[in-house]
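**Student:** Below: sequence and its predicted model.
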Amino acid sequence: MLYLSEPLATASAEQAIRARAAAFAGLPATVVPPVHRIERVGASLQVTTAFVNGIRLSTLLEHLAGGSVNLASDALIELVGRVVRAVATLHAAGPSYSHGAIAPERIALTGHGVVLTDGLYATALEELRWKREHLWRTFGLALPSMPGTVPFDQRADVTELASVALALLLRRPLTVEDYPRAMPKLLQVATSRLPAGASVRRWLERAFQLHPRGSFAWGVDAHRAFAEITTRHLPATSLDACA
């Protein structure tokens, strides 16, 4: 369930959220949970979606950072691949389909794959028309560098996806100081000991939109490139076998 209070629950935001919910109705429930109800409660909006039975990626990152859970590098890369595949599935539905607020707390790991939760959240955030620095420091959303306000489109999804992948490979949540200034160092640290580390680092650079040419514009291209890395260079593994 998603609660939106002022300034995210304006009349214009509510209209946009209802339109987005209708557009998302035909998406696979295994990627984006369906919205059951949107209702106004006083000055707030309450969005009720289907229950997702799984663990939040943010919780897993806390356990990894604390040392209570350990995953081998190949298992982490497999998990990144599952998140990439979920985003690609969403984007493949059409150019107008984006999540806009991909972050560890809005990714659920379930028995059948990765589910992107709170798919209507970015619709409300977009009404704020904040710049990327403010959105990162307030909501932890990594967005591409561009003048003015940033659209919450498929390119934004890919940049947000990159921040999730980086956090997994670092085995810790990202902090407000990590993005964007610490990116070069963190990309090196995260990939220096990985199998095919140079290839994974180049993928992250493309996903973070660090170079005008070669950046991924949507999740489908990001998924193809990541799948090529794992197919060519990395052994098959199973997250279920990792502790």
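**Tutor:** Alright, I've got the coordinates.
**Student:** just checking, next helix/strand downstream of the worst-scoring helix or strand of the chain on mean pLDDT?
**Tutor:** Using mean pLDDT, DSSP states H and E, strand 2-4 stands out as the lowest-scoring helix or strand of the chain, at a mean of 90. Of the helices and strands lying after strand 2-4 in sequence (DSSP states H and E), the nearest is helix 11-24.
**Student:** after that next one comes which helix or strand?
**Tutor:** Next along from helix 11-24, by DSSP H and E: strand 35-41.
**Student:** That next one pairs with which strands?
**Tutor:** strand 44-49 (antiparallel) (DSSP bridges).
**Student:** Quick one: residues in contact with the strand it pairs with.
**Tutor:** For strand 44-49, the surrounding residues in contact (CB atoms under 8 Å, 6 or more residues apart in numbering) are 1-6, 8-9, 13-14, 17, 21, 33-40, 117-118, 120, 124. Heads up, the C-betas are built off the backbone N, CA and C, glycines and all.
**Student:** in that strand, what's buried?
**Tutor:** 45, 47, 49 (16 or more other CB atoms under 10 Å).
**Student:** All the strands of the protein, residue numbers only.
**Tutor:** Assigned by DSSP state E, the strands in the chain fall at 2-4, 35-41, 44-49, 55-56, 107-110, 113-116.
**Student:** Out of those, which gets nearest to residue 164?
**Tutor:** Between residue 164 and the strands of the chain, the shortest gap by CB to CB is with strand 107-110, which sits at 6.7 Å.
**Student:** Run the chain-centre distance for the closest one.
**Tutor:** Relative to the chain's own centre, strand 107-110 is displaced by 11 Å; criterion: CA atoms, centre = their mean, to the nearest Å.
**Student:** Show me what that strand pairs with in its sheet, parallel or antiparallel.
**Tutor:** As assigned by DSSP bridges, strand 107-110 forms pairs with strand 55-56 (antiparallel), strand 113-116 (antiparallel).
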